[in-house]
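Student: When you get a sec, could you give me coordinates for this:
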Amino acid sequence: MKKCYILLLIVILLTGISLVGYAGTFPEKQITIVVQSAAGGGSDTNSRTMAAAIEPLLGVPVVCINKTGAAGAVAMSYVASREPDGYIIGHLPVEVSMLEALGYADVNPNSFDLICRTGYFPASIIVNAKSPWNTVEEFFAYAKENPGAITVGNSGIGSIWHIAAAKLEKALGIEFTHVPFTGAATMKVALLGGHIACSTASPMENASGILSGDLRMLAVMADKRSSLFPEVPTLKELGYDIETSAWLGFGCPKGLPAETKKILVDAFKKGYESDLYQKMAKTRGLELGWMGPEEFKEYAMAEYEVYSKLLPELGLGNK
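Tutor: Presented below is the predicted three-dimensional model:
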């Protein structure tokens, strides 16, 4: 019997078979990560990079599919309704803490077995470089003098980038015309083409346009400057106490077996620590911040309480 185990170990080492997937243990087949936004944005990049990082660790294909709509409600409702076997994983951004208050879906962080949070993208104020606004003060002054004249893109009504713009309206007493898109990537195309005047998405999602000089970032809506564009000030530095960030995480349908959950959490932690993921974060402006299952659940539920009160105040909730 001992010789059989030795021979088996030799075969595994020589062929590269994953120990995780051996002998009927999880995983035995393809794992799918469901992304709530369109391809090309921050959520999509986060998911696909993590998928590439954990695939060799789990020894099975890890693929991403995009299910857009209703500020992520379509994708997250789909994930919550699947079998809790570990083969369907949802990309769970900040919107998971908003969907109930928005009236989009009966889904909140408690609807899932959370795996981890990996970091956040700060909101920012970005305009076309051909616009007349060189500073955020000029932008706000124009908005006050011309209610509704500035069109601001978002990745869906009720999405975090919509919330960011709505916070500006409430805090400054201004009015925008909100234009929804399926994700930040399609929003950027519209901004580059001059079809909208502004985006409140992350620096990462507009980085290529900013670097090319086609877009101009006026300010960052976070408590610290963007690691991608550290020369751009925060709103707080400019005297406006307004901040919004889009945190990102992953989770499975509720009821995940403990051993399966442990395998996934371990894989995601190693994926987070991998050179591939760390390089993506550095080059794309993802502000890193790992949270394991329990810490992430506590954090996400605290956010749920915040948005359950804030969204109705912004005129976006159903309560």
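Student: which SS state does residue 126 fall under?
Tutor: strand (DSSP: H, G, I helix; E, B strand; the rest coil).
Student: what bridges to it?
Tutor: Legend: beta-bridge partners of residue 126 under DSSP bridges are residue 199, residue 217.
Student: residues touching it, list them.
Tutor: By Cβ atoms under 8 Å, 6 or more residues apart in numbering, the contact set of residue 126 is 191, 198-201, 203, 206, 209-210, 215-218. Any C-beta I mention is one placed from the backbone N, CA and C, and that applies to glycine too.
Student: quick one: it from residue 218, how far?
Tutor: Using Cβ to Cβ, to the nearest Å, we find residue 126 at a distance of 7 Å from residue 218.
Student: Give me the common contacts of the two.
Tutor: In contact with both residue 126 and residue 218: no residue, using Cβ under 8 Å, 6+ apart.
Student: which stretches of the stretch 51-200 of the chain form helices?
Tutor: Along the stretch 51-200 of the chain, the stretches classed as helices by DSSP state H, counting those that start in this stretch are 73-80, 99-102, 136-145, 160-172, 184-192.
Student: residues of the longest one that come out buried?
Tutor: Yep, that's helix 160-172 we're talking about. 160, 161, 162, 163, 164, 165, 166, 167, 168, 169 (16 or more other Cβ atoms under 10 Å).
Student: If we ignore the residues flanking it in sequence, what's nearest the second one?
Tutor: Closest residue in space to residue 161, ignoring its immediate chain neighbours: residue 154 at 4.5 Å, by Cβ to Cβ, 6 or more residues apart in numbering.
Student: That neighbour contacts residue 180, doesn't it?
Tutor: Yes - here residue 154 reaches residue 180: they are 5.6 Å apart, a contact under Cβ atoms under 8 Å.
Student: Need the overlap of contacts for the two.
Tutor: Taking Cβ under 8 Å, 6+ apart as the contact rule, residue 154 and residue 180 both touch residue 162.
Student: Count the neighbours of the residue nearest to residue 161 for me.
Tutor: Applying other Cβ atoms under 10 Å, we find 27 residues neighbouring residue 154.
Student: can you tell me which residues contact it?
Tutor: Residue 154 is in contact with 161, 162, 165, 178, 179, 180, 181, 187, 200, 201, counting by Cβ under 8 Å, 6+ apart.
Student: which helices and strands sit right next to the longest helix seen in the chain?
Tutor: Identified as the longest helix of the chain according to DSSP state H is helix 293-313. Helices and strands touching helix 293-313, as assessed by 3 or more Cβ pairs under 8 Å, 6 or more residues apart in numbering; DSSP states H and E, comprise helix 99-102, strand 112-128, helix 160-172, strand 245-253.
Student: what does that helix rub up against?
Tutor: 92, 94, 96-98, 100-102, 108-110, 113-117, 158, 163, 170, 247, 249, 261, 265, 291, 317-319.
Student: Buried ones from the residues you listed, can you make that a ChimeraX selection?
Tutor: In ChimeraX syntax, the buried subset of those is picked out as below (16+ other Cβ under 10 Å):
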select :92,94,96,97,98,100,101,102,108,109,113,114,115,116,117,158,163,247,249,261,265,291,317
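Student: Tell me, how many residues neighbour the closest residue to residue 46 other than its chain neighbours?
Tutor: Leaving out its chain neighbours, the residue that sits closest to residue 46 by Cβ to Cβ, 6+ apart is residue 248, at 5.1 Å. Residue 248 has 23 neighbours, counted by other Cβ under 10 Å.
Student: Residue 116 is in contact with residue 248, correct?
Tutor: No - with contact defined as Cβ under 8 Å, residue 248 does not count as touching residue 116 (9.6 Å).
Student: Remind me which helix or strand residue 34 belongs to.
Tutor: Assessed by DSSP states H and E, residue 34 sits inside strand 31-35.
Student: who does that strand pair up with?
Tutor: Determined by DSSP bridges, the sheet partners of strand 31-35 are strand 62-66 (parallel), strand 88-93 (parallel).
Student: buried set for it?
Tutor: Neighbour counts over strand 31-35 (16+ other Cβ under 10 Å) mark 31, 32, 33, 34, 35 as buried.
Student: contacting residues around it?
Tutor: 43-44, 47, 50-51, 58, 60-67, 75, 78-79, 86-91, 250.
Student: again, but for stretch 266-279
Tutor: So stretch 266-279 is contacted by 20, 49-50, 52-54, 57-58, 115-116, 118, 250, 288, 290, 292 (Cβ under 8 Å, 6+ apart).
Student: In ChimeraX, select just the buried ones from the residues you listed.
Tutor: A single ChimeraX command selects the buried members of the contacts of stretch 266-279 (16+ other Cβ under 10 Å):
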select :20,49,50,52,53,54,57,58,115,116,118,250
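Student: Mind picking the one among the contacts of stretch 266-279 that's closest to residue 148?
Tutor: Proximity to residue 148 was ranked across the contacts of stretch 266-279 by Cβ to Cβ; first place goes to residue 118, at 37.1 Å.
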